[in-house]
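> model the structure of this input:
(chains A and B)
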Amino acid sequence: MDPFLTIPFVIQRVKKETSDTVTLEISRPDDRVKTHSPAGSAFSFLPGQFNMLYVLGIGEIPVSISGDPNHPEKLFHTVRKVGAVSIALSLMEKGDRIGIRGPFGNPWPVNKAQGMDLLLMAGGIGLAPIRPVLYQVFPERDRYNRIGLLYGTRAPEDILYESEIKQWRSKFDLEVLVTVDRAAGDWKGNTGVVTTLISKVSFDPDRTLVMICGPEVMMRFSCLELQKKGVKPENIFVSMERNMKCSVGFCGHCQFGPWFVCKDGPIFSYDQVKDWIGKREI
Amino acid sequence: MGAKYVLQASQFQFLFDALTARGYQVIGPKLQDGAIVYDALSSVQDLPAGWTDQQEAGTYRLENRSDSAFFGYTVGPYSWKKFLHLPARKLKRGKSAEGEFHFVSENEEIPKLAFVGVRACELHAMTIQDKIFMGGIYRDSSYAERRENIFVIAVNCGKAGGTCFCVSMKTGPKASGGYDWVLTEVIEKDRHYFVVESGTGAGKEILAGEEILKELDCPLAAEAEIALSERIVEETACQMGRRLKTEGIKDLLYKNLEHPHWDEVANRCLTCGNCTMVCPTCFCASIAEITDLTGEKVERVQKWDSCFTEDFSYIHGGSIRKTAKSRYRQWMTHKLAYWIDQFGTSGCVGCGRCITWCPAGIDITEEAKGFYGDS
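Residues are numbered from 1 along each chain as shown, chains lettered A, B, ... in the order given. Model prediction:
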């Protein structure tokens, strides 16, 4: 397969999530053609994988897939405006074209959590690559024990997928705890960093699988806290972020210690990365 | 290993002609801008016969030799990677019309190149880059096709340079494989010849090599000639200007990521990236989006990049590696340690280019010693 083949996709919908974040719904331009991956086979992905999103004349960035792996024909990407390409993507309208390469990277070990408690932790836009995990586990909810979602954002108005989270909570027996860094007086929820939520959620440390996505410092402190509670490092997984450019291990930009995040990750067990994740400028 | 033949220096041009007749463009060392670089050669006359180089940390000087050896110098600033993993390469062209866009992948013309004068360390460097671009699930088709279309004539080194340490890296000075032919240049009294051996490259090319040798009517080498050629390489092995201790180096560097010695190197490192450009194994690249004024026509161009730039590790919010310390640490730890985890081999072949071409004279072999002292 040619990993550099960019396939044109068309924007179906742009949903404004927060002041700086949108979710793009995209699909192949010709509806009669089933959505295909660059490899030519039907496009499919696993939770935690990413695509390279391309805007003609501007460039290409890696963005995790935030949609439902059981319905890959509707591709969702949640994008925060932080650079030239993400800003261009946030200004897209229905009918606009973007290019897709992917999916790349390894997935969250969702099946490994069967028969266990599943604890999901997200910081900010880190909730985007966690959402496909929920989409995958809900139809087979009885295979998992307790499922908890600990979510931290900067402020109440930065909470992603808010109405959806409310639905999940009642429908799928999902324990959701949200905390914000700062809030006005009318916020009745938690404030503080997401690690403070760990002691508020019930799980069996011996039989819990944790998936964490957020800023590196948040993931590091979460791992340390979970380890203190007795969760084994090999049952804690983090999604690392580096400058992925080629996404196939040729360009060298996304190196993180001995790994290429694009092809060896982005998902790593804490066991693998515990000596690296706290090191400055690695 | 094939039989050994003798090719007279006076016949060397015939070898060029034979390669040209088979459709190869001959690439080899030549003098340019005060250095010996690899470029297209039109004849044996282009080779820097009678020249040698003096290399030290931050120093490269050409000097005349007392003889007219064709290969009496070591490696210059260029490596063969510029012909296989191109410094700049158009990946594709795109066009947008009424909101739709189309890409055309660049149809590259893959030249048939004969590399003349490839050193043992450089053969190893090519094998290392093969692992990066052809050894995984994904394959860099441009690299792979170029690689398949080269004829490699290696040269065993008859002289080691001041910054050479291939013996430490177990990559030379004797070519151990990956070539179609290997030459050892011998100059004794009034004789000047090459002991030629066909090698372990692509099968059909070895055959072509045998054909060429037959065409040139080369005699089998006599025992004395073979012995002399071997002694020359053995002597080179004893002349290494540098040494690098490699035992346990991966764990040593992993243990010392926060060692104060990195600050000491950072005080001297200009983060210019010269070491990454001259390194025959450094492979990092970036992809640029180049548009015309209308914004409708674009080209995606891949260019060599360097882990010494601030942009290299940029993610939203800033670069991961902001300091010179972290960038030098990344480069050296990658080369000598991460590489072992990534590709099962060191990323260093001991060619010494990074030492010679560092404007601050930073020496990887000296810097590594800084960690062996008090690990």
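> contacts only, for residue B:189.
Contact analysis of residue B:189 by C-beta atoms under 8 Å, 6 or more residues apart in numbering or on different chains lists nothing. Placement of C-beta: from N, CA and C, glycine included.
> so what's the backbone phi/psi at it?
Residue B:189 adopts backbone torsions of phi 40, psi -110, taken as degrees, to the nearest 10.
> same question, residue B:195
phi -90, psi 120.
> residue contacts, it?
Counted by C-beta under 8 Å, 6+ apart, residue B:195 has contacts B:4-6, B:183-184, B:186, B:221, B:225-226, B:229.
> from these, which ones fall inside helices?
B:225-226, B:229 (DSSP state H).
> what distance do you get for the residue of chain B most remote from its centre to residue B:194?
The centre of chain B is farthest from one residue, residue B:98, which by C-alpha atoms, centre = their mean lies 46.4 Å away. Going from residue B:98 to residue B:194 by C-beta to C-beta, to the nearest Å gives 63 Å.
> what does residue A:158 give?
72 Å.
> again with residue B:259
Per C-beta to C-beta, residue B:259 is found 47 Å from residue B:194.
> and residue B:231, helix, strand or coil?
Judged by DSSP: H, G, I helix; E, B strand; the rest coil, the three-state class of residue B:231 is helix.
> list just the nearest of the contacts of residue B:195 to chain A.
Closest approach to chain A among the contacts of residue B:195 (C-beta to the nearest C-beta): residue B:183, at 32.9 Å.
> who's the closest one bridged to?
For residue B:183, the beta-bridge partners are residue B:155, residue B:196 (DSSP bridges).
> what's the burial count for it?
Residue B:183 has 25 neighbouring residues, counting by other C-beta atoms under 10 Å in any protein chain shown.
> that one contacts residue B:194, correct?
Yes. Counting by C-beta atoms under 8 Å, residue B:183 touches residue B:194, with 4.3 Å between them.
> return every residue with contacts to both of the two.
Overlap of the contact sets of residue B:183 and residue B:194 (by C-beta under 8 Å, 6+ apart) consists of residue B:7.
> report the rounded mean pLDDT for stretch B:127-141.
Stretch B:127-141 carries an average pLDDT of 95.
> residues in contact with that stretch: which ones?
Residues contacting stretch B:127-141 (C-beta under 8 Å, 6+ apart): A:1-3, A:248-250, A:263, B:81, B:84-85, B:143-144, B:147, B:178, B:280-281, B:283, B:339, B:343-345, B:347, B:349.
> and those, which are buried?
A:3, A:248-250, A:263, B:81, B:84-85, B:143, B:147, B:178, B:280-281, B:283, B:339, B:343, B:345, B:347, B:349 (16 or more other C-beta atoms under 10 Å in any protein chain shown).
> coming back round to it: which one (most neighbours) among the ones in helices among the contacts of residue B:195?
Sorting the ones in helices among the contacts of residue B:195 by how many neighbours each has (other C-beta under 10 Å) puts residue B:229 first, at 24 neighbours.
> for it, what are its contacts?
Residues near residue B:229 by C-beta under 8 Å, 6+ apart: B:156, B:184, B:186, B:195, B:221.
> which one of those has the most neighbours?
residue B:184 leads those on contacts (other C-beta under 10 Å) with 27 neighbours.
> so what's the residue count around the residue in the stretch 1-150 of chain B that chain A sits nearest to?
In the stretch 1-150 of chain B, the residue found nearest to chain A is residue B:138; the distance is 4.1 Å by C-beta to the nearest C-beta. Neighbourhood size, residue B:138 [other C-beta under 10 Å]: 19.
> low-confidence ranges in chain B?
Low-confidence segments of chain B (pLDDT under 70): B:1, B:99, B:200-208, B:374-375.
> so what are the domain limits for it?
With domains defined by automatic domain parsing, chain B comprises B:4-86+B:110-237, B:249-282+B:306-372.
> I'd say residue A:102 and residue A:45 touch.
Yes. Here residue A:102 lies in contact with residue A:45, judged by C-beta under 8 Å, at a distance of 7.4 Å.
> between the two, what contacts are shared?
A:51, A:65.
> show me what residue of the stretch 101-250 of chain A gets nearest to chain B.
Nearest residue of the stretch 101-250 of chain A to chain B: residue A:248, at 4.1 Å (C-beta to the nearest C-beta).
> can I see the domain layout of chain A?
Segmentation of chain A into domains, based on automatic domain parsing, reads A:7-104, A:111-273.
> JSON lines please, covering those domains and showing distance to residue B:120 and mean pLDDT.
Formatted as JSON lines, the domains of chain A follow (distance: least, C-beta to C-beta, whole Å; pLDDT from 0 to 100):
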{"stretch": "domain A:7-104", "distance to residue B:120": "37", "mean pLDDT": "89"}
{"stretch": "domain A:111-273", "distance to residue B:120": "25", "mean pLDDT": "96"}
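> next, the most centrally placed residue in chain A: secondary structure please.
Against the mean C-alpha coordinate of chain A, by C-alpha atoms, centre = their mean, the closest residue is residue A:129 at 1.3 Å. Secondary structure, three-state DSSP: residue A:129 is coil.
> quick check: residues of the stretch 51-200 of chain A near chain B?
Proximity of the stretch 51-200 of chain A to chain B (C-beta under 8 Å from any C-beta of the partner chain) is limited to residues A:56-60, A:80, A:82-83, A:86, A:95-97, A:99.
> residue A:48: what secondary structure?
Recorded secondary structure, residue A:48: coil (three-state DSSP).
> quick check, it in contact with residue A:265.
No. At 9.2 Å, residue A:48 and residue A:265 do not qualify as touching, with contact defined as C-beta under 8 Å.
> ok, the two, which is more surrounded?
Higher neighbour count among residue A:48 and residue A:265: residue A:48, with 26 against 23, using other C-beta under 10 Å.
> that one: what's it in contact with?
Residue A:48 is in contact with A:64, A:105-108, A:129, A:132-133, A:211, A:239, A:266-267, counting by C-beta under 8 Å, 6+ apart.
> and with 10 Å instead?
For residue A:48, the contact set (C-beta atoms under 10 Å, 6 or more residues apart in numbering or on different chains) comprises A:64-65, A:69, A:103, A:105-110, A:129-130, A:132-133, A:211, A:213, A:237, A:239, A:265-267.
> select from these every entry located in strands.
Applying DSSP state E to the contacts of residue A:48, the entries found in strands are A:64, A:103, A:211, A:213, A:237, A:239, A:267.
> all helices for the stretch 201-350 of chain B, in order.
All helices of the stretch 201-350 of chain B, identified by DSSP state H, counting those that start in this stretch, fall at B:203-215, B:223-237, B:249-255, B:261-266, B:274-278, B:324-333, B:339-343.
> and the third one, how far out from the chain middle?
In other words, helix B:249-255. 26 Å (C-alpha atoms, centre = their mean, to the nearest Å).
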